[in-house]
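>>> Here is my input, please return the structure:
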Amino acid sequence: MKTLPYFFTIIACSLSFLVNSQTVGTVRYNSELAQDGYTLMAPLGHNSTYLLNNCGEIINRWESEYAPGNEVFLTEEGNLWRAGKFPGEGLIGTGGRGGIIELLNWEGELLWSYERCSTEECMHHDFKLLPNGNLLILVWKAHTYDQGIAAGGIPEDFSTESGVWAEYLVEIEPNLDENNSATEIWQWNVWDHLVQDYDDERPNYGVVSEEPGKIDLNYVQFTQPDWLHANAIDYNAELDQIIMSVPHFNEFWIIDHSLTSEEASTESGDLMYRWGNPAAYENGTEDDVKLHFQHNPHWIPAGLRHEGKIMLFNNQVPAGDSLSSNVIILDPVINEAGSYVMNGTTFGPDTYAYEYQLPPELQSDKVSGAQMQPNDNLLICSGVKGTMLEITDQDEVVWEYKIPINDLNLPFEQGDDPAGHIKWLFRGYKYLPDFEGFDGKDVTPGLPIESNAVQSFCALNSVASLEKLDFLIYPNPAVDWLNIDTTEEVKHIVLISSTGRRVKQLQSLTVPAIDMSDLTAGVYYLKLTVKGGDTITSRIVKL
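Predicted coordinates for the structure are as follows:
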């Protein structure tokens, strides 16, 4: 045999289900059951946004001068929409403040940015790209103490210094040819839909329990000006409706986007639907609360399991003396007229269509979310734990990723314990390999984020098995054929794409070469199992 120019690692388990001593990055991966794709994530407090394959290797990385503020997603052109956290003192805002939206191309060049943050108002948490190319943004709006009292607020429940912040939704049309320029198209404001039963001489006076479409100004005490703390929005194009998550009320609301701005400011713009806490409109008690500081309510897209239903991450669910987190799916009832059906005086349903209880070590009392996958799996973001988890429809964990960045914005090394020092994550999204935004883009995997990248989870290229197994695999990079020269009896061969999909599988090495001509350029992983059960894995580049 020739002197071997490559190093291979013997591993006891197959690539179909990898679990090893890694503590960060990809720590669990079942390549047969996990959804093939690339995951987009923007760790909070960190200026980089990453697109990673299932092995935790970097497909692309975007840099910004701003920390996330907080949402990020890709377009079908391969561009990145990203919220940034506006710097400065004395501005309106608390946890979740944004203030900046950026559009970057695949190469990381800034195409457009938009700022909206001052002492009077500020974008925060979430925004969405609408089918017409406009952006739907979530904005804090400051109201003074006097304005709060004038609207019927209870004086002792208001801060005399900071007043109260309401929420409003704004649709803007980006002027992409002019930086920081946009045209306001539509808006809906919470302040137009209040009810209060404190002062019958003030506006908005009414019987709260008889006005489920209105928002009780005095439901919570104003211990802080961020009265509602809306933390998520979603848009349904088929219904032309918007979801807004309101964790301080333990509810989410549905709003009619088909109205004009003028109509939206009238009673026609009252809430169409609300769910999670009927006590917020005086038709229930604490025992009826189903949501607990929830995040990421959204409609599940058509074509996916539970399509059309609403899914969310329920953060602070009471569990004895502690808290737990779960992902729930519910199916609101809509009648033929398109109205949401109430169960008596409350909005149904009373039960979930689906619930997944996260293990205690992944309970997340803030941020977080979930995304249904085309293969019926569920991708879950446990934000405070900096962890992405993918489970099957049988609740089997098939992929787990822990952000390998510490609270000093430095990469972890494998073996480090990330507990208590890991970066938080607002959400994470997985995109399929055939996503239009990847057309014509270089998706060749690079190294993982973690500093000792030689121990990449799927490309184990460290300790040599030179004395134990007799192999020569060449050429690497390969063009048409990959030659395998060995005296070992090979019992099983698998070639796996960088996203974890099996592209070739042979029961034995009948021909001392593998045809690579029909494969696209990129990185692959070759796994060979020999008689006796030993397995080697090699990282192969296809040109």
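>>> Residue 301: how many residues sit nearby?
Residues lying near residue 301 (other Cβ atoms under 10 Å) number 12. To be clear about C-beta, it is placed using only N, CA and C from the backbone, and glycine gets the same treatment.
>>> And residue 357, by the same measure?
16.
>>> Next up, phi/psi of it, please.
Here the main-chain torsion angles of residue 357 (degrees, to the nearest 10) amount to phi -90, psi 120.
>>> again, but for residue 419
According to degrees, to the nearest 10, residue 419 has phi -60, psi 130.
>>> give me the number of residues near it?
By other Cβ under 10 Å, neighbour count at residue 419 equals 11.
>>> And for residue 219?
For residue 219, using other Cβ under 10 Å, the count is 19.
>>> Skipping its backbone neighbours, what lies nearest it in space?
Leaving aside its chain neighbours, residue 219 sits nearest to residue 280 (5.4 Å; criterion: Cβ to Cβ, 6 or more residues apart in numbering).
>>> again with residue 162
Per Cβ to Cβ, 6+ apart, closest to residue 162 is residue 225, 4.1 Å.
>>> now residue 323
Spatial nearest neighbour of residue 323, chain neighbours left out: residue 316 (4.9 Å); criterion: Cβ to Cβ, 6+ apart.
>>> With residue 229 instead?
residue 248 (4.8 Å).
>>> Need the phi and psi values for the residue lying closest to residue 425 once chain neighbours are set aside.
Of all residues not flanking residue 425 in the chain, residue 383 sits nearest, at 4.8 Å (Cβ to Cβ, 6+ apart). Here is the backbone geometry of residue 383 (degrees, to the nearest 10): phi -60, psi -50.
>>> ok so, going back, the residue nearest to residue 323 falls within a helix, correct?
No - under DSSP: H, G, I helix; E, B strand; the rest coil, residue 316 sits outside any helix and is assigned strand.
>>> and it, what pLDDT?
Per-residue confidence (pLDDT) for residue 316: 98.
>>> repeat for the one 4 residues further on
With respect to pLDDT, residue 320 scores 91.
>>> Against residue 360, how distant is it?
11 Å (Cβ to Cβ, to the nearest Å).
>>> Only the buried residues of stretch 144-156, if you could.
Judged by neighbour count (16 or more other Cβ atoms under 10 Å), stretch 144-156 contains these buried residues: 145, 148, 149, 151, 152, 153.
>>> What of stretch 514-534?
Neighbour-count burial for stretch 514-534, counted by 16+ other Cβ under 10 Å, picks out 514, 516, 519, 522, 523, 524, 525, 526, 527, 528, 530.
>>> Quick check: the fifth one touching residue 503?
What that stands for is residue 523. No - look at residue 523 against residue 503 with Cβ atoms under 8 Å: they stay out of range, at 11.8 Å.
>>> which residues are in contact with whichever strand or helix holds residue 82?
Remark: residue 82 resides in strand 80-85, with elements defined by DSSP states H and E. For strand 80-85, contacts defined as Cβ atoms under 8 Å, 6 or more residues apart in numbering pick out 42, 49, 62, 64-75, 97-106, 123, 125-127, 129.
>>> and if you look at stretch 501-510?
31-32, 36, 433, 484, 486, 490-497, 514, 519, 524, 528.
>>> Report the buried members of the residues you listed.
Using 16+ other Cβ under 10 Å, the buried ones in the contacts of stretch 501-510 are 31, 36, 433, 484, 486, 490-491, 493-497, 514, 519, 524, 528.
>>> In strands, which of those residues appear?
Applying DSSP state E to the buried ones among the contacts of stretch 501-510, the entries found in strands are 484, 486, 490, 491, 493, 494, 495, 496, 497, 514, 524, 528.
>>> where does the last one land on pLDDT?
In this case it means residue 528. At residue 528, pLDDT is 79.
>>> now swap in the second one and tell me
At residue 486 the predicted local confidence, pLDDT, stands at 84.
>>> Next, count neighbours for the closest residue to it other than its chain neighbours.
Excluding the flanking residues, the one nearest residue 486 by Cβ to Cβ, 6+ apart is residue 471, at 4.7 Å. Residue 471 has 21 neighbouring residues, counting by other Cβ under 10 Å.
>>> And for the one 10 residues further on?
Residues lying near residue 481 (other Cβ under 10 Å) number 14.
>>> related to what we said a few turns ago, how many other residues sit next to the residue nearest to residue 162?
21.
>>> so who does it touch?
Residue 225 neighbours (Cβ under 8 Å, 6+ apart): 142, 159, 162, 163, 164, 165.
>>> Next up, phi/psi of it, please.
phi -70, psi -20.
>>> For the lengthiest helix in the chain, give the mean pLDDT please.
Under DSSP state H, the helix in the chain containing the largest number of residues is helix 145-150. On average, the pLDDT along helix 145-150 is 92.
>>> residues making contact with that helix?
155, 158, 159, 160, 161, 163, 164, 202, 203, 217, 222.
>>> I'd like these laid out as CSV, including pLDDT.
CSV is the format used below for the contacts of helix 145-150 (pLDDT from 0 to 100):
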residue, pLDDT
155, 87
158, 77
159, 71
160, 66
161, 74
163, 83
164, 90
202, 94
203, 92
217, 95
222, 65
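>>> can you tell me which two in those are farthest apart?
For these, the maximum inter-member distance is 23.5 Å, found between 161 and 203 (Cβ to Cβ).
>>> Three-state assignment for residue 65, please.
Strictly by three-state DSSP, residue 65 counts as coil.
>>> what's the burial count for the nearest residue to it once chain neighbours are set aside?
Once flanking residues are discounted, residue 65 sits nearest to residue 47: 6.7 Å by Cβ to Cβ, 6+ apart. Residues near residue 47, counting by other Cβ under 10 Å, number 16.
>>> what's near enough to touch residue 47?
Each residue near residue 47 by Cβ under 8 Å, 6+ apart is listed here: 63, 64, 65, 66, 67.
>>> Out of the buried ones among the contacts of stretch 501-510, flag the one nearest to residue 447.
Of the buried ones among the contacts of stretch 501-510, the one sitting nearest to residue 447 (Cβ to Cβ) turns out to be residue 524, at 16.3 Å.
>>> Quick check: closest non-adjacent residue to the closest one.
Spatial nearest neighbour of residue 524, excluding adjacent residues (Cβ to Cβ, 6+ apart): residue 540 at 4.7 Å.
>>> do the same with residue 485
Nearest residue to residue 485 in three dimensions, chain neighbours excluded: residue 472, at 4.1 Å (Cβ to Cβ, 6+ apart).
>>> Look up the pLDDT of the one you found for me, please.
83.
>>> And the one 4 residues further on, by the same measure?
Per-residue confidence at residue 476 stands at 84 (pLDDT).
>>> And residue 66, by the same measure?
So residue 66 comes in at 97 (pLDDT).
>>> For it, give me its contacts.
Contact analysis of residue 66 by Cβ under 8 Å, 6+ apart lists 47, 84, 85, 86, 87, 100, 102.
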